[in-house]
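# sequence plus the predicted model coming up.
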Amino acid sequence: MTFGIEAASYYVPSLYLEIKDLAEKRGIEPAKLEKGLGLHKMGFPDVHEDAATFAAEALLKLIKDYTINPKDISRIYLGTESALDAAKPTASYAMQMVEKALEKEFGERCFKNCDVVDMTFACIGAVDALHNSLDFVRSNPDKKAIVIASDYAKYELASSGEYTQGGGAVSLLVSTKPDLLEIENKWGIATESVFDFFKPRRHFKKENLINAPETFPDKIEVFTDEPVFDGQYSNQCYQDRIREAYDHYKEITGKNNPHKNWKYLIFHLPYAFHGKRVFTEIYSLENGLSYETPEEQKAVAKSEDYIQFINDKIEKSQRASSEIGNMYTASIFMALLSALQVSFNEKEDLTGSEIGFLGYGSGSKSKVFSGKVSRNWKNVVSKWNLFEDLKTRTAISFETYEKLHRKQLEESVNPNYKGFGLQSVELENPLLLGARYYEYKA
Ligand SMILES: CC(C)(COP(=O)([O-])OP(=O)([O-])OC[C@H]1O[C@@H](n2cnc3c(N)ncnc32)[C@H](O)[C@@H]1OP(=O)([O-])[O-])[C@@H](O)C(=O)NCCC(=O)NCCSC(=O)C[C@@](C)(O)CC(=O)[O-]
């Protein structure tokens, strides 16, 4: 029996900012962002969008495009690090939105008997959800699971993470009928607890607040969307973890130089060029090249062989990322969709090709695994129109971007949007304080 991904869909935020506009306002050389990191556009959510609406859009599209009966889905596992609540899973919001949108066709509460939960480990949470769901299907081969990766990657204004912001969702149908990708049950894993990027509770003291009311507590702790991070250290942790997980993968599979057999190398992409920038180490180790000094490392990166290797095995997976930015948990799956969409558009035949995945989540963990492209892959990809869909987004000015970032806009930039949108957040009723209410506009 085979196990893997039967179908896949995606959703990207409806707005974007041109990276050159951000570069100009921040006094950064545009070439650094465009040619150095591979950034062109930054996907950004409108007022009514969040990680729950992204997830709901990707879930509904999956169900509609592949005519799935929602009652046949036994579990929906959502990988996210943009949870809207510290107890109620974002998956439950997404599930409810889709239930409402499907009510006419499938009746009330079509996911009533579905197991729904969030999984969080920074950017690798959705790989964990996939790993887990594959195990589930393996032990329950008559069942199907859906994995959703959904995030809004937000950093502080004017920080070094600002130009890597983005967001969106990817949904995957996991079953014993892997029409897109059959996944091998071998997982190279490396974990180490570090503080490279994290979202702790931030502490605020009353004495530091201007005009705090008398009743305000002396000290409060709040979660914010924006991480505490050390950019260059996070790069190092990423590089170390993927090397360790890759070594583990080699150990458990007995494969020598596995990357040489991979048609595509699919990385977690915090920005488009990250995978190709960090893989130089593994590439050097496997090809017997010196990689000690910064000069040697640069020489590998600039070598003709490595550039050819990137063009053949990595470049196509970067294209969507350049247009969207970091999607946290969804980045690795969007990189897969990007490569497959380009191959499909170029009428390439990928049947039987092996694809290698190098996932990373800060904090930190890497998982390395591989899959084989199925005979029916083109039927699955024929439902996507990734690069055309990206062209339908609305461009925003730098001024609008800053207002959205600071949550200063009450109305959506696109008030006539279609699809799922946040309608209100309860601010009065103490029994429902903070409850979020969404609607679907057909
Ligand atoms: C990603 C960093 C660290 C980048 O940091 P940075 O300081 O902006 O950039 P850099 O100095 O590392 O690299 C700039 C590149 O541009 C080049 N450059 C310079 N000028 C020019 C020019 N004029 N023309 C052409 N090229 C130019 C320059 O040469 C260099 O390329 P290289 O040669 O080294 O490959 C920063 O944006 C950041 O801190 N981001 C947030 C954290 C992050 O994304 N970390 C990545 C690894 S951790 C991760 O992936 C997990 C994460 C973040 O997704 C979270 C999670 O797991 O939940």
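Good, I have the coordinates. Numbering: from 1, shown residues only.

# in the chain, where is pLDDT below threshold?
Low-confidence segments of the chain (pLDDT under 70): none present.

# residues of the stretch 151-300 of the chain that sit close to the ligand?
160-161, 164, 197, 229, 231-232, 234-235, 238, 268, 270-271, 274, 277 (C-beta under 6 Å from any ligand atom). Every residue, glycine included, has its C-beta placed from N, CA and C.

# quick check: of these, which has the highest neighbour count?
H268 (30 neighbours; other C-beta atoms under 10 Å).

# interface residues of the stretch 301-442 of the chain facing the ligand?
Residues of the stretch 301-442 of the chain lying close to the ligand (C-beta under 6 Å from any ligand atom) are N326, Y328, Y360, G361, S362.

# on that earlier part again, among the residues of the stretch 151-300 of the chain next to the ligand, which two are most distant?
Spatially, the most separated pair among these is S160 and H268, at 18.3 Å (C-beta to C-beta).

# neighbours of L390, how many?
By other C-beta under 10 Å, the residues close to L390 number 17.

# try D230
Neighbour count for D230, taken as other C-beta under 10 Å: 14.

# can you tell me which of the residues of the stretch 151-300 of the chain next to the ligand are in strands?
If you go by DSSP state E, these have F197, F229 in strands.

# so where do the strands sit in the stretch 151-300 of the chain?
166-175, 181-183, 188-191, 197-198, 201-205, 219-223, 228-229, 262-267 (DSSP state E, counting those that start in this stretch).

# can you tell me how far the residue of the stretch 151-300 of the chain found nearest the ligand is from F197?
Closest approach of the stretch 151-300 of the chain to the ligand (C-beta to the nearest ligand atom) occurs at G231, with a separation of 2.2 Å. Between G231 and F197 the distance is 9 Å, computed by C-beta to C-beta, to the nearest Å.

# what strand or helix carries A31?
helix 30-31 (DSSP states H and E).

# that helix: how far from the chain's middle?
Relative to the chain's own centre, helix 30-31 is displaced by 25 Å; criterion: C-alpha atoms, centre = their mean, to the nearest Å.

# ok, then the element right after it?
Taking DSSP H and E, what comes next after helix 30-31 is strand 41-44.

# and the contacts of that following strand?
Contacts with strand 41-44, where a contact means C-beta atoms under 8 Å, 6 or more residues apart in numbering, come from 12-13, 15-19, 22, 163, 165-168, 322-325, 327, 390, 393, 396, 401, 404.

# so what's the closest residue to F223 other than its chain neighbours up against?
Once flanking residues are discounted, F223 sits nearest to R201: 5.9 Å by C-beta to C-beta, 6 or more residues apart in numbering. Residues in contact with R201, defined by C-beta under 8 Å, 6+ apart, are E221, V222, F223.

# mind listing what the first one touches?
Applying C-beta under 8 Å, 6+ apart, we find E221 in contact with R201, R202, H203, F204.

# mind doing that once more with 10 Å?
Going by C-beta atoms under 10 Å, 6 or more residues apart in numbering, E221 touches P200, R201, R202, H203, F204.

# just give me the neighbour total for the fourth one.
Put plainly, it is H203. Neighbour count of H203, defined by other C-beta under 10 Å: 10.

# which residues are in contact with it?
H203 sits next to K219, I220, E221, V222 when contact means C-beta under 10 Å, 6+ apart.

# just the helices in the stretch 301-442 of the chain please.
Using DSSP state H, counting those that start in this stretch, the helices of the stretch 301-442 of the chain run over 304-313, 315-324, 331-345, 377-381, 386-390, 398-405.

# which residues does the most centrally placed residue in the chain contact?
Among the residues of the chain, the one closest to the centroid is A330, at 1.6 Å (C-alpha atoms, centre = their mean). Contacts for A330 (C-beta under 10 Å, 6+ apart) come out as 10-12, 51, 54-55, 58, 79-80, 123, 126, 148-151, 153, 166-171, 268, 324, 337.
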